[in-house]
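# sequence and predicted structure below; questions after.
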Amino acid sequence: MRVFITGTDTDVGKTVASAWAMVHTDARYWKPVQAGLDQTDEATVRALSEAEDARFIATAYSLPEPLSPHESARRAGVHIDPASLAVPEDGPLIVEGAGGLMVPLNDEFLIIDLIQQFRLPAILVCRTTLGTINHSLLSIAALRARNIPIAGVILCGPDIPHNRAAIETYGNVTVLAHIPPLDPLTRTALEAVTPEVDLKAL
């Protein structure tokens, strides 16, 4: 598995999906750009996956305020230089993005540009609730317009079969997993969410 996990929006479930993928594979995790340091996504993935330190790659840009990366960087007096971000060349890897595909990293570069630069297939994390069909299909269309391979989608939220069917049918994508609301949200709970495909083949 060597993938870039992105989402249709902020707080759609990318970090939970990343932790779930860490639990079900031996991949390493990398969050290249983190905006907001009170509780980082890497810290959440560490806590949920209970993976060893060797499976985590240091974040390149840690920005104080929980805003769009370009704005958080501007306020911190930092310029995010995509040329400084290089994907580790070997082994299974999960790269987690920030926000959705069209989130800016600087004045000229978006998250979708970073995915294209990394030459990794994308996993798109989608909500299951009302509005997800539009957001999911727009994101799928944006990825395909850039010729970025889509490894599949992960659905996060309550089970709503007709929304799943619409995303699968109109998006022509494979659902890799459906992660329902989990209480408590723990490694054990994530282990119980069975992948619907062989993740190691991604």
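That came in fine, so what should we check first?

# any idea of the pLDDT on the residue sitting furthest away from the middle of the chain?
Within the chain, the residue lying farthest from the chain centre (C-alpha atoms, centre = their mean) is Gly77, at 26.0 Å. With respect to pLDDT, Gly77 has a value of 98.

# tell me the spacing between Pro64 and Thr40.
11 Å (C-beta to C-beta, to the nearest Å). Where C-beta positions appear, they are placed from N, C-alpha and C, glycine not excepted.

# equivalent analysis for Val193, please.
23 Å.

# avg pLDDT for the host helix or strand of Ala151?
Taking DSSP states H and E as the criterion, Ala151 maps to strand 150-156. For strand 150-156, mean pLDDT is 98.

# strand 150-156 and the following helix or strand past that strand, what's the angle between them?
Counting by DSSP H and E, the next helix or strand C-terminal to strand 150-156 is helix 161-171. Between helix 161-171 and strand 150-156, the angle comes out at 160 degrees (axes from the mean of the first three to the mean of the last three C-alpha atoms, to 10 degrees).

# for helix 161-171, list every residue counted as buried.
Asn163, Arg164, Ala166, Ile167, Glu168, Gly171 (16 or more other C-beta atoms under 10 Å).

# alpha carbons only: can I get that helix in PDB?
In PDB, the C-alpha atoms belonging to helix 161-171 read as follows (Å, rounded to 0.1, in the frame of the first residue of the first chain):
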ATOM      1  CA  PRO A 161     -26.900   2.400   1.500                       C
ATOM      2  CA  HIS A 162     -28.400   4.600  -1.200                       C
ATOM      3  CA  ASN A 163     -25.600   7.200  -0.800                       C
ATOM      4  CA  ARG A 164     -23.000   4.500  -1.000                       C
ATOM      5  CA  ALA A 165     -24.600   3.100  -4.100                       C
ATOM      6  CA  ALA A 166     -24.700   6.500  -5.800                       C
ATOM      7  CA  ILE A 167     -21.000   7.200  -5.100                       C
ATOM      8  CA  GLU A 168     -20.000   3.700  -6.300                       C
ATOM      9  CA  THR A 169     -22.200   3.900  -9.400                       C
ATOM     10  CA  TYR A 170     -21.800   7.500 -10.600                       C
ATOM     11  CA  GLY A 171     -18.200   7.800  -9.400                       C
END
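
# from the chain's centroid, how far away is it?
20 Å (C-alpha atoms, centre = their mean, to the nearest Å).

# residue contacts, His178?
Thr128, Ile154, Leu155, Cys156, Asp159, Arg164, Val193, Glu196 (C-beta atoms under 8 Å, 6 or more residues apart in numbering).

# run the chain-centre distance for the helix or strand that contains it.
Taking DSSP H and E as the criterion, His178 maps to strand 175-179. Counting by C-alpha atoms, centre = their mean, strand 175-179 is centred 13 Å from the centre of its parent chain.

# stretch 7-21 now?
5 Å.

# contacts for the longest helix anywhere in the chain, please.
With secondary structure taken from DSSP state H, the chain has its longest helix at helix 132-145. The contact list for helix 132-145 (C-beta under 8 Å, 6+ apart) reads 6-9, 100-102, 112, 115, 122, 124, 126-127, 150, 153, 157, 163, 166-167, 170-171, 173.

# CA atoms only: put that helix into CSV for me.
The C-alpha trace of helix 132-145 is given here as CSV (Å, rounded to 0.1, in the frame of the first residue of the first chain):
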residue,chain,number,x,y,z
THR,A,132,-21.9,13.5,0.2
ILE,A,133,-22.9,12.5,-3.4
ASN,A,134,-22.2,16.0,-4.8
HIS,A,135,-19.0,16.5,-2.8
SER,A,136,-17.7,13.0,-3.6
LEU,A,137,-18.4,13.1,-7.3
LEU,A,138,-16.8,16.6,-7.6
SER,A,139,-13.7,15.3,-5.8
ILE,A,140,-13.6,12.2,-8.0
ALA,A,141,-13.9,14.4,-11.1
ALA,A,142,-11.1,16.7,-10.0
LEU,A,143,-8.8,13.7,-9.4
ARG,A,144,-9.6,12.2,-12.8
ALA,A,145,-9.1,15.5,-14.5
